[in-house]
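> Any chance you could fold what I've pasted below:
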Amino acid sequence: MQQLPLENTRAIVTGASSGIGEGIARAFAAAGASLIVNFRSDEEAADRIVGEIRKNGGRAEAVQADISTPEGCGTLFEAADEQFGGVDILVSNAGIQRDATFTELSLEDWRQVLDVNLTGQFLCAQEAVRRFRRQGLDPERSPALGKIIFTSSVHQAIPWAGHANYATAKGGVKLLMETMAQELACEKIRVNAIAPGAIKTAINRDAWEDEEARKELLKLIPYGRVGETEDVAEAAVWLASDASDYVVGTTLFVDGGMMLYPAFREGG
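All right, here's what the predicted structure looks like:
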């Protein structure tokens with residue numbers, strides 16, 4: 001019987017009660033990982049996801065934590081230790097949007113987005129590295145000491161008017177990931193990122209559910225469709241697996257070609 005790509009691994013997925021995080025959690029479970037399903041406020045959704053994973057024979061625990069604080073991140077890793085004996089993979093996915101034009105963007109909304117989307121990713125990744133070192137390398141589990149995947153965005157590279165806080169945070173995630181990868185690769189800690197484009201989630205429902213809005217959105221996507229959470233989740237499974245063991249410090253864009261700047265298709 002063929003081994004599942006994440007069999008015998010233990011993972012934490014932050015922001016896993018909806019959207020891309022939920023998709024990644026479900027895909028990881030199907031790929032054989034035992035996982036911590038992190039949520040901040042929607043306990044009902046997290047419990048539903050965990051219940052469905054268990055019904056299908058997987059192992060999962062829902063854990064409430066605010067990942068923008070060191071204490072919140074620590075809670076997740078303590079839960080992984082208690083439930084699974086450690087952690088091999090962190091998917092630092094949790095993120096929020098608080099949109100406004102630049103001069104109307106409040107300091108509170110600026111800070112809140114950076115606290116979750118950048119500082120939270122830093123804090124959880126920092127704790128993951130400490131845990132990986134403490135656990136030590138287990139060649140029977142993986143050739144890597146540990147794996148960290150950040151959820152970034154095409155807006156780590158594409159400016160986004162009206163979303164200065166979000167784009168700034170994602171640009172920061174890019175260099176955080178690359179700097180960590182440069183520093184930690186010698187310890188066999190693999191750090192990478194996934195940068196989704198337009199994906200069908202509740203946060204951007206207005207952009208794809210309405211037919212006219214969807215047509216406008218598709219002008220930005222050469223591949224001609226809006227992405228599904230499964231598109232991102234399957235990429236995350238590959239990045240977390242040993243099939244990608246030589247992939248270090250890379251951002252994998254899952255965007256239907258949005259990074260190709262399709263407005264220039266006619267020669268600019």
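
> pLDDT-wise, which helix or strand of the chain ranks last?
helix 205-208 (a mean of 72; mean pLDDT, DSSP states H and E).

> What are the buried residues along that helix?
Trp208 (16 or more other Cβ atoms under 10 Å). In short, each C-beta sits where N, CA and C put it, glycine included.

> what does it contact?
198, 200, 213-214, 217, 226 (Cβ atoms under 8 Å, 6 or more residues apart in numbering).

> now it: how far from the chain's centre is it?
Offset of helix 205-208 from its chain centre (Cα atoms, centre = their mean, to the nearest Å): 21 Å.

> What's the separation between Asp81 and Ser18?
From Asp81 over to Ser18 the distance is 26 Å, taken as Cβ to Cβ, to the nearest Å.

> show me where the stretch 1-150 of the chain has helices.
19-30, 43-55, 70-84, 107-114, 120-135 (DSSP state H, counting those that start in this stretch).

> Looking at those, spot the one closest to Thr250.
helix 120-135 (15.8 Å; Cβ to Cβ).

> so what secondary structure elements neighbour the helix or strand just after the least confident helix or strand of the chain?
The first helix or strand that comes after helix 205-208 along the chain, using DSSP states H and E, is helix 211-218. If you count contacts as 3 or more Cβ pairs under 8 Å, 6 or more residues apart in numbering; DSSP states H and E, helix 211-218 packs onto helix 205-208.

> excluding its backbone neighbours, what's nearest Gln112?
Arg98 (5.9 Å; Cβ to Cβ, 6 or more residues apart in numbering).

> Help me confirm that the one you found comes into contact with Arg111.
No: assessed by Cβ atoms under 8 Å, Arg98 is found out of contact with Arg111, at 9.6 Å.

> Which of these two has more residues huddled nearby?
Arg98 (17 against 14; other Cβ atoms under 10 Å).

> ok, that one - contacts?
Contacts of Arg98 by Cβ under 8 Å, 6+ apart are 105, 109-110, 112-113, 165-166.

> Let's see that with 7 Å instead.
Residues in contact with Arg98 (Cβ atoms under 7 Å, 6 or more residues apart in numbering) are 109, 112-113, 165.

> Which members of the residues you listed are classed as buried?
The buried subset of the contacts of Arg98 (16+ other Cβ under 10 Å) comprises 109, 113, 165.

> Relative to Val247, how far out is the last one?
As judged by Cβ to Cβ, Asn165 and Val247 stand 30 Å apart.

> now do the second one
In this structure, Val113 lies at 28 Å from Val247, with Cβ to Cβ as the measure.

> Contacts for the longest helix seen in the chain, please.
Using DSSP state H, we find that the single longest helix of the chain is helix 164-184. With Cβ under 7 Å, 6+ apart as the test, helix 164-184 has contacts from 97-98, 102, 105, 109-110, 113-114, 117-118, 121-122, 125, 129, 150, 152-153, 155-156, 159-160, 191-193, 248-249, 251.

> in that helix, what counts as buried?
164-174, 176-178, 180-181, 184.
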